[in-house]
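Student: Model the following, please.
(2 chains)
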Amino acid sequence: MGKGIRFALVALALAAATAAFAASSGAQQKDTFVFGTEGDPVLIDGAYVSDGPSLRVIDHIFDTLVELKPGTTKVVPSLAQSWTTSKDGLKWTFNLRKGVKFTDGTPLNAAAVCGSFNRQYTFPGILQGENTNYYWFTVFGGYAKPATGNPGPDKSLYRGCKAVNNSTARIILNRRSSSFLAALVLPNFSIASPAALVKYRADDVTVGADGVIRPQGTFATQNPIGSGPYKLESWRIGDRLVLVRNENYWGTKPKLRRVIFRPISDNTARLQALQTGELDGLNSLAPQDVPAVSGNSSLKVLNRPAFNIGYVGINQKVAPLNNFKVRQAIAYGLDRRSVVTAFYAGRGTLANQFLPPLVEGYAKTGVPDYPYNPEKARALLQEAGVKLPLELEFWYPTDRPRPYMPDPPRNFQAFAASLERSGFKIVPHPAPWRGGYVGGLLSGQAALYLFGWTGDFGDPANFLNVHFGAENAQFGYNNPSIFNALKAADEETDLAKRTKLYEAASIQVMKFLPMVPYANNRPALAFKKNVKGYIPSPVEINENFALVSFG
Amino acid sequence: MLRFAVRRLFLLVPILIGLSLLLFVWVRALPGTPAAALLGERATPAAVERFERQYGLDRPIHVQYWAYVKTIASGDLGTSVASRRPVITEIKERFPATVELALAAMLFAVCVGLPLGFVAAKRYGGVVDHGSLFLSLIGISIPIFFLGIILKYVFAVRLGWLPTVGRQDVLIDAEHPTGFYILDAIVTGNWEAALDAIKHLVLPAIALGSIPLAIIARITRASTLDVQNEDYVRTARAKGLPPRTVDGRHVLRNALLPVVTILGLQVGVLLGGAVLTETVFAIPGMGSWLKEAIFNHDYPVLMGGILFLAVIFVLVNLVVDLTYGLINPRIRVS
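Tutor: Numbering: from 1, shown residues only, chains lettered A, B, ... in the order given. Coordinates of the predicted model:
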């Protein structure tokens, strides 16, 4: 009779014994840094990926020609010690650091540099496009042999690359571009060992019977060979990715021997793992968890400078939104300050233009201000000659908080209420983020909508030109004056002049109001208190683990 | 017996065809597309078109289904849209984690649930009985993810006894020939790794095992109460057998029959619960993988992963039915 109870007691005792043993182990080795991320990398090859976890790893295994000064968006030398631009702005000559070797022992020379660029330029049709080759497609915009429907050499910014001598590489462009240099800091344009690319069949890709592309080699999964501060030691999907110090690194050697990335998608689980000491630091601390970390004496919060913009988009294809006075009325009718104060957990700042403050070209003065003013909004609507209240469909996502928009439905409710006080009648149009919301906006179905952007790299072109540099369905306007201003700014290679041009363009956009910006949000990271040297960067993938140590 | 097993195996074919068809329609009926899921803010109409061409999603749906059937028939389950790896490779990496977790959860549920239910029946109406009812209700009604978070908070964050995420401490370098971490550690004689893997399993197993535990305890209790009043038990007692023999040989053995049936069905509960448990405990198994696939609209992973689990479910139930025959000779005879 007492057997069952005895059994349960034994089970309990066993559990307790295990637990007691657990408490005795767990001493932290000080040469390993364990970092919790939201997910696994997709592939460790910059030519194929655009997600944060992949790029973060690639950035440590490979080097780029230029890099960002830690914590800023300022471009500084890396593999290229210096560079010059021809008068016409089309030839960029990079003087490479001498004696650099890839971790497979082969030399990093001008031929390797050109090889890495030509590789993506000559990608076969199946690898072309945003999904497989996002950054090449976005920055350079064309391929040597385009598949049907894809842009070709005539659309490409990249024309070719020439190894002038062993340590001088020249990249030739088809047109002037200043954002080109800023884009070169992207791990996507890092230099890979040409021998390893061949040996581990980096570009051997087949198409399965189901139509899905499938890489065959092991370069991007087991043998990514670069010249960076770390090498890949092992990678078990879903569990851990281990980087080990490259003892022959040409630059400052990493302070810690190993960095381990652990994918933990659940925010609470990631935080708990930090609290128990299973992690030394984590990415993407949820805003609601910030007090728990800052109130814990053994942990600390670091802030990443805001590099995103949340805005209310306006589609001018939908009448009467093509009327400037109506757009002004919308800008005055949005209670932006209250939304930023109420729903951003103290981490948001009110935005008055599309560029975040850290990006070159951010206009410090002269930006038109649109403080919340319902009376003025009504007056503007009356001047525009529309019947009050003006009925507008307003789209918002029901799920998926974004870095620039932690709580989409509540942002919408607050904005809708303030607009209704300003002479509008709002028709809500909720949609799931991935269930038609984004597609609907980008194909021009929405009139008014909540949306935003996180920068890919620290350059105003990546914000302004991407959105307002050409006619598109999302904003639905054709304004050659803005298009030309942005084109001229991008083509200017003199940094000071260019900054001025972008400042003017940023103001010009705000005078035209294709959208109303409202929030820049600072993401948070959490660390153990004894972690030293981690410098948050606006471009999160450029954060350098080689500088990290334990105090 | 053999014919029974073979017939059941043949039944798998129509089940799989029907299921694949249902899944094929279902995953495509989910709102949104893989392109929108993976491209996010960058899913312009042109980008979506290029994406769909690359992944063959622009073809008519019956053509896609036929291509999928051909792929499966060639022993391939397709390629993940999100990770671009073969679905089979990912299953090989992830399935052992889920099996280990499910076995641990089942072990916990049986080891605690059976004695609890049995004792509750023997002490009908007593403190243990009421206590077991209370525990069962909690087990059934607390959502797994919530229980997981609470367990972690108490035993890991507050008390510091157990780890909260993953299958193994990242500072332990163990070899994994089979992917079953405990087995691997024992095979390679790495006792530190074995103990560590067990430690990592304790909390997830309790969280996931809570539902089957409750069910097993209730069923054991009910069937023990039934069996105790059977004539043959009374006869056994009357002829003077010691109570322990009566309980062990006559009561428990017969009371176990419905429990064994329930065990087979619990496999479904465990696989479903693994989705939440693996997410909360960051275990790289089938569950967390399928969850990501739903978020990403990763059609090949959803199809391949769920079909694979369906086969496993059917096979486990077949094994349970066969075991049932072993325990209860009457089934075999008829």
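Student: Tell me, how many residues neighbour the residue of chain B found nearest chain A?
Tutor: When distances are taken as Cβ to the nearest Cβ, chain B reaches nearest to chain A at B:Gly56, 1.8 Å away. Glycine gets a C-beta too; all of them are placed from N, C-alpha and C. The number of residues packed near B:Gly56 is 18, by other Cβ atoms under 10 Å in any protein chain shown.
Student: quick one: least confident helix or strand in chain B?
Tutor: Of all helical and strand segments in chain B, the minimum by mean pLDDT, DSSP states H and E falls on helix B:329-333, at a mean of 56.
Student: hmm, back to that, is it true that the residue of chain B closest to chain A touches A:Val212?
Tutor: Yes. Look at B:Gly56 against A:Val212 with Cβ atoms under 8 Å: they come within range, at 6.5 Å.
Student: didn't A:Asn246 look like it was pressed against A:Thr103?
Tutor: Yes. Here A:Asn246 reaches A:Thr103: they are 5.7 Å apart, a contact under Cβ under 8 Å.
Student: shared neighbours of those two, anything?
Tutor: With contacts taken as Cβ atoms under 8 Å, 6 or more residues apart in numbering or on different chains, the residues that reach both A:Asn246 and A:Thr103 are A:Ser227, A:Lys231.
Student: and the host helix or strand of A:Gln272, what does it pack onto?
Tutor: Using DSSP states H and E, A:Gln272 sits in helix A:267-275. With contacts defined as 3 or more Cβ pairs under 8 Å, 6 or more residues apart in numbering or on different chains; DSSP states H and E, the secondary structure elements packing on helix A:267-275 are strand A:32-37, strand A:281-285, helix A:290-294, strand A:524-528, helix B:144-152, helix B:253-280.
Student: Of all the residues in the longest one, which ones are buried?
Tutor: What it means is helix B:253-280. Buried positions in helix B:253-280, judged by neighbour count with 16 or more other Cβ atoms under 10 Å in any protein chain shown: B:254-264, B:266-267, B:269-271, B:273-280.
Student: can you tell me if it touches chain A.
Tutor: Yes. On the criterion Cβ under 8 Å from any Cβ of the partner chain, helix B:253-280 is in touch with chain A at B:Thr279, B:Val280.
Student: Dump the helix holding A:Gln272 to CSV, keeping only the CA atoms.
Tutor: Written as CSV, here are the backbone C-alpha positions of helix A:267-275 (Å, rounded to 0.1, in the frame of the first residue of the first chain):
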residue,chain,number,x,y,z
ASN,A,267,11.9,37.0,-25.0
THR,A,268,11.1,35.8,-21.5
ALA,A,269,13.2,32.7,-21.9
ARG,A,270,16.1,34.8,-23.1
LEU,A,271,15.9,37.1,-20.1
GLN,A,272,15.6,34.2,-17.7
ALA,A,273,18.7,32.6,-19.2
LEU,A,274,20.6,35.9,-18.5
GLN,A,275,19.3,36.0,-14.9
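Student: If you count neighbours, what's buried in stretch B:188-205?
Tutor: Neighbour-count burial for stretch B:188-205 flags B:190, B:193-205 (criterion: 16+ other Cβ under 10 Å).
Student: any idea how far A:Leu79 is from the nearest residue to B:Ile182 once chain neighbours are set aside?
Tutor: In space, and not counting its chain neighbours, B:Ile182 is closest to B:Ala197: 4.8 Å by Cβ to Cβ, 6 or more residues apart in numbering or on different chains. According to Cβ to Cβ, to the nearest Å, B:Ala197 stands 42 Å off from A:Leu79.
Student: how deep is A:Arg175 tucked in, by neighbour count?
Tutor: 14.
Student: Show me what stretch A:96-111 is in contact with.
Tutor: Everything outside stretch A:96-111 that qualifies as a contact, by Cβ under 8 Å, 6+ apart, is A:63, A:65, A:79-81, A:112-113, A:163-169, A:191-196, A:225-227, A:231, A:246, A:248, A:250.
Student: rewinding a little: what residues are up against the residue nearest to B:Ile182?
Tutor: Taking Cβ under 8 Å, 6+ apart as the definition, contacts of B:Ala197 comprise B:Arg167, B:Gln168, B:Tyr181, B:Ile182, B:Ala185.
Student: My impression was that the fourth one belongs to a strand - is that right?
Tutor: Read it as B:Ile182. No. The assignment for B:Ile182, made by DSSP: H, G, I helix; E, B strand; the rest coil, is helix rather than a strand.
Student: That one reaches B:Glu100, doesn't it?
Tutor: Yes. The pair B:Ile182 / B:Glu100 is scored as a contact, 6.6 Å apart, by Cβ under 8 Å.
Student: Pull up the overlap in contacts between these two.
Tutor: Among the neighbours of B:Ile182, those also in contact with B:Glu100 (Cβ under 8 Å, 6+ apart) are B:Leu201.
Student: Looking at those two now, which is surrounded by more residues?
Tutor: Comparing B:Ile182 with B:Glu100 by neighbour count (other Cβ under 10 Å), the higher total belongs to B:Glu100, at 23 against 20.
Student: and the more buried one, that's in a helix?
Tutor: Yes. Applying three-state DSSP, one finds B:Glu100 inside a helix.
Student: What is the subsequent helix or strand relative to whichever helix or strand A:Phe94 is part of?
Tutor: Applying DSSP H and E as the criterion places A:Phe94 in strand A:91-96. Downstream of strand A:91-96, the next assigned helix or strand under DSSP H and E is helix A:110-121.
Student: How far away from the center of its chain is the longest helix along chain B?
Tutor: Looking only at chain B and at elements set by DSSP state H, the helix with the highest residue count is helix B:191-228. Taking Cα atoms, centre = their mean, to the nearest Å, the mean C-alpha location of helix B:191-228 is offset from the chain mean by 13 Å.
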